[in-house]
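Chemist: coords below, sequence missing:
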Ligand SMILES: Cc1c2[nH]c(c1CCC(=O)O)Cc1[nH]c(c(CCC(=O)O)c1C)Cc1[nH]c(c(CCC(=O)O)c1C)Cc1[nH]c(c(C)c1CCC(=O)O)C2
């Protein structure tokens, strides 16, 4: 058994224990993260290989998670091709001039590996430091990136985005296709630099009805998964509130599909269908409960995953900023303990 538990679970092979990692494990819940980031803007930190390496390693050292996730943000490739955007603390990505027309679309040029040379450098440093621990690369999916670009910032209802999707379907398709190419290029850079798996975050896809997702979003996400298929590294697909979309998200071509906490994991696995691993799905807010309650809820996730041939334990969305880091460390220990005896 040479590969890590995480990679084995992605491939639905027998594992020594259920692997665990957390979306947003590197970030504000860790005091050592806040210290490193002091006085440095989020996007500036993403361009510093020394900081990226340190921040990516922090949760691996502290929690003993089974995988690292590359410290960056979904808007980094957009910034790298010259989109005028910033990440505002407590708000999220804000785009100076939203993309609403063909002229705006023309500003989105292809991403060249040299645009993100710091990613290649940081991943080189990281793979040396990480040893056998896998590194997950990631990117934003075309729909979620489009939402930030078209709205100009975070949005509850995605009204401008949907107005374009329904009202100007050709412009919409062209925008998603362009974003699929940028995202594919960004994932290729990470895989070629040494990432051992990749996750496509379609965080806001849950805002869509299945028929609209299938017609207006799925083709672009398929393009991304196809673009990186030949590398043979596991590809993970994740969104929030996507219970009704899990089957379609599986169709996009990933090897692993993530679910949030609104769908029990066994039901999620049924919707995702055979031949794919599942990732999830503890409600991140559960970590604010007393430790016995956290265990009880984690136990429910493990029970729902019982018998599934590929389960990667994760939260149903990212770690909330005020989470007690010790609660995360205890959760990793609990999942490892509870599942470690089930040797094939
Ligand atoms: C939608 C989205 C974004 N970024 C991301 C997504 C998809 C995941 C998800 O659905 O949560 C992905 C992301 N962003 C970040 C990571 C780091 C890796 C990790 O540990 O998971 C990852 C995987 C760092 C970050 N990205 C951001 C922070 C916080 C900025 C800071 O620490 O100053 C971090 C650590 C900023 C950001 N960037 C974005 C948001 C909504 C925010 C939060 C705004 C806020 O509340 O301050 C866009």
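Modeler: Done, it's in. Just so it is clear, the model here is predicted, and its values are computed rather than measured. Residues are numbered from 1 along each chain as shown.

Chemist: For the residue nearest to residue 327 when sequence neighbours are not counted, give me its contacts.
Modeler: Leaving aside its sequence neighbours, residue 327 sits nearest to residue 287 (C-beta to C-beta, 6 or more residues apart in numbering; 4.6 Å). (Each C-beta comes from the backbone N, C-alpha and C, glycine too.) By C-beta atoms under 8 Å, 6 or more residues apart in numbering, the residues touching residue 287 are 294, 315, 319, 320, 323, 324, 327, 328, 331.

Chemist: hmm, which of these are the buried ones?
Modeler: Listed as buried from the contacts of residue 287 are 294, 315, 319, 323, 327, 328, 331; burial here means 16 or more other C-beta atoms under 10 Å.

Chemist: nearest to residue 99, of those residues?
Modeler: Closest to residue 99 out of the buried ones among the contacts of residue 287 is residue 319 (30.1 Å), distances taken as C-beta to C-beta.

Chemist: And the contacts of residue 287, which is closest to the ligand?
Modeler: Taking C-beta to the nearest ligand atom as the measure, residue 319 is the one of the contacts of residue 287 closest to the ligand, at 7.5 Å.

Chemist: In terms of pLDDT, where does the closest residue to the closest one other than its chain neighbours sit?
Modeler: Among residues not flanking residue 319 along the chain, residue 24 sits closest, at 4.4 Å (C-beta to C-beta, 6+ apart). As predicted, residue 24 sits at a pLDDT of 97.

Chemist: any idea how far residue 307 is from residue 11?
Modeler: 17 Å (C-beta to C-beta, to the nearest Å).

Chemist: Compare neighbour counts for these two and give me the winner.
Modeler: Neighbour totals were compared for residue 11 and residue 307, and residue 11 leads with 16 against 9 (other C-beta atoms under 10 Å).

Chemist: what's near enough to touch that one?
Modeler: 3, 234, 255, 277, 310.

Chemist: buried stuff in stretch 119-136?
Modeler: Neighbour counts over stretch 119-136 (16+ other C-beta under 10 Å) mark 119-123, 125-127, 130, 133-136 as buried.

Chemist: any chance of these in JSON lines, plus secondary structure, pLDDT and distance to the ligand?
Modeler: JSON lines is the format used below for the buried residues of stretch 119-136 (DSSP: H, G, I helix; E, B strand; the rest coil; pLDDT from 0 to 100; distance: C-beta to the nearest ligand atom, whole Å):
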{"residue": "119", "secondary structure": "helix", "pLDDT": "98", "distance to the ligand": "13"}
{"residue": "120", "secondary structure": "helix", "pLDDT": "98", "distance to the ligand": "17"}
{"residue": "121", "secondary structure": "helix", "pLDDT": "98", "distance to the ligand": "17"}
{"residue": "122", "secondary structure": "helix", "pLDDT": "98", "distance to the ligand": "12"}
{"residue": "123", "secondary structure": "helix", "pLDDT": "98", "distance to the ligand": "13"}
{"residue": "125", "secondary structure": "helix", "pLDDT": "98", "distance to the ligand": "16"}
{"residue": "126", "secondary structure": "helix", "pLDDT": "98", "distance to the ligand": "12"}
{"residue": "127", "secondary structure": "helix", "pLDDT": "96", "distance to the ligand": "16"}
{"residue": "130", "secondary structure": "helix", "pLDDT": "97", "distance to the ligand": "14"}
{"residue": "133", "secondary structure": "coil", "pLDDT": "98", "distance to the ligand": "14"}
{"residue": "134", "secondary structure": "coil", "pLDDT": "98", "distance to the ligand": "14"}
{"residue": "135", "secondary structure": "strand", "pLDDT": "98", "distance to the ligand": "11"}
{"residue": "136", "secondary structure": "strand", "pLDDT": "98", "distance to the ligand": "8"}
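
Chemist: any chance of the residues you listed in TSV, plus distance to residue 212?
Modeler: As requested, those are exported to TSV (distance: C-beta to C-beta, whole Å):
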residue	distance to residue 212
119	32
120	36
121	40
122	37
123	35
125	42
126	38
127	39
130	40
133	39
134	34
135	34
136	29
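
Chemist: Buried ones in the longest helix belonging to the chain, by neighbour count?
Modeler: Taking DSSP state H as the criterion, the chain has its longest helix at helix 169-193. Neighbour counts over helix 169-193 (16+ other C-beta under 10 Å) mark 171-172, 175-176, 178-191, 193 as buried.

Chemist: How far off centre is that helix?
Modeler: 16 Å (C-alpha atoms, centre = their mean, to the nearest Å).
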